[in-house]
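I'll drop the sequence and a predicted model, then ask my questions.
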Amino acid sequence: MARGFLKGLRPWSNYAVRPCGRVPWTIREFEEVESTNDVARRLAEQGAGDRLVVAAERQTGGRGRAGRSWTSEHGGLYLSVVLLPPPRPDRPGLLPLAAGLAVSRAAARFDAPARVKWPNDVEVGRAKLAGILVEASWSGPRPWAVVGVGLNVKNPVPAGGARLADFAAGASLAHARDAVLAELDAALAELEKDPDALCRKWERQSSTVGARVRAESLAAGAVEGIAAGLDGDGALLVRTEAGTRRIVAGDVLHLRPVEP
Ligand code: BTN
């Protein structure tokens, strides 16, 4: 199998973990890559199986949503999960939400009172703890998805950021990774089984629903109102003076709470 793009990259481990008897994750860990999402995607294209996890100690070109970069210094968790095929192709907008919910639950295992902010940030108060970048192809002969998770564990964070070590001094990358994979496993099963129930759980765990927000959206421009909840595809319903507007994650540049 051609592995040219991995030349010079040193996977320092390659092993499987099996969360509670479910489908095992195969974990490949690297010291440094440009972006774990890119490596995961290339490995998927080259025939990697379902549930491959690509993790790195550092990223030199970590990517975030809406074309932003993701600073990836030593001490953070940077991993990407390959899903082949991705769950619920009939409702693709829910995968990023399921991932965010999973990461917020993983953070709670470290006593971090994390909440999800639509579409898929994980925050403690207003401080960002983790971000999710889902890239996927939902059609064609071999649908795939890569779920990328960047979680601040004990890496330096800018002012206004949060990290697990602030809540659990002994938080290790290995424990954080295992918690994220276990919660992701559970959330994917919930998504598969009952997507509407997953949406209601997401809403309860959210800092967005019930708040007054202002969204800057490519398709809809600026929309301000009260976030009422999710629709069945994970779009955010915002109640404005002119009626309810539907905001789609892929269109949104920013979503900010607005002080009443
Ligand atoms: C965001 O909040 O904008 C999403 C950030 C996602 C960052 C993670 S780190 C692991 C994976 N690899 C990447 O290049 N990005 C994601």
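Great, that's in hand. None of these values were measured; they are calculated from a predicted model.

is residue 135 in a helix, a strand, or coil?
When states are read from DSSP: H, G, I helix; E, B strand; the rest coil, the local structure at residue 135 comes out as strand.

excluding sequence neighbours, find me the nearest residue to it.
In space, not counting the residues next to it along the chain, residue 135 is nearest to residue 146; the distance is 5.0 Å by C-beta to C-beta, 6 or more residues apart in numbering. (Glycine included, C-beta is placed from N, CA and C.)

could you give the number of residues near the one you found?
If you count neighbours by other C-beta atoms under 10 Å, residue 146 ends up with 26.

now for it: which residues touch it?
Each residue near residue 146 by C-beta atoms under 8 Å, 6 or more residues apart in numbering is listed here: 37, 40, 41, 44, 80, 81, 82, 83, 134, 135, 136.

all helices of this structure, in order?
The residue ranges that make up the helices of the chain, judged by DSSP state H, are 36-45, 94-108, 173-193, 195-204.

what does the stretch 51-200 of the chain have sitting close to the ligand?
Applying C-beta under 6 Å from any ligand atom, we find that the stretch 51-200 of the chain lies next to the ligand at 59, 62-65, 68, 70, 78, 80, 121, 131-133, 148-150.

filter these down to the buried ones.
When those are checked for burial by 16 or more other C-beta atoms under 10 Å, the buried set is 59, 62-63, 65, 70, 78, 80, 121, 131-133, 148-150.

tell me which of the helices of the chain sits most buried.
helix 94-108 (a mean of 27; mean count of other C-beta atoms under 10 Å).

how far away from the center of its chain is it?
With C-alpha atoms, centre = their mean, to the nearest Å as the basis, helix 94-108 stands 7 Å off its chain's centre.

on that earlier part again, so which of the helices of the chain gets nearest residue 74?
With distances scored as C-beta to C-beta, the stretch of these nearest to residue 74 is helix 173-193 (9.7 Å).

what's next to the closest one, contact-wise?
The contact list for helix 173-193, computed with C-beta under 8 Å, 6+ apart, reads 17, 19-20, 22-23, 25, 27, 53, 55, 75, 77, 79, 81, 83, 87-88, 94-95, 98-99, 101-103, 105-107, 109-110, 147, 149, 151, 153-154, 164, 197-198, 201.

pretty sure residue 122 sits against residue 108.
No. Contact status for residue 122 versus residue 108: not in contact, 10.3 Å apart, counting by C-beta atoms under 8 Å.

contacting residues for residue 254?
215, 216.

hey, what's it bridged with?
Partner residues in beta bridges with residue 254: residue 216, with DSSP bridges as the criterion.

per-residue pLDDT, residue 26?
The predicted local distance difference test score for residue 26 is 91.

revised request: answer the last question for residue 48.
Looking at residue 48, its pLDDT stands at 86.

roughly how far apart are it and residue 230?
As for residue 48, its distance to residue 230 is 31 Å (criterion: C-beta to C-beta, to the nearest Å).

which one's more surrounded, those two?
Each of residue 48 and residue 230 has its neighbours counted (other C-beta under 10 Å); residue 230 has more, 24 against 20.

which residues touch the more buried one?
Taking C-beta under 8 Å, 6+ apart as the criterion, residue 230 is in contact with 97, 118, 199, 202, 203, 209, 236, 237.

and what of residue 139?
Applying C-beta under 8 Å, 6+ apart, we find residue 139 in contact with residue 89.

do residue 49 as well
Counting by C-beta under 8 Å, 6+ apart, residue 49 has contacts 26, 82, 84.

any idea how many residues pack against whichever residue of the stretch 151-260 of the chain sits closest to the ligand?
Closest to the ligand within the stretch 151-260 of the chain is residue 151: 8.1 Å, counting by C-beta to the nearest ligand atom. Neighbourhood size, residue 151 [other C-beta under 10 Å]: 26.
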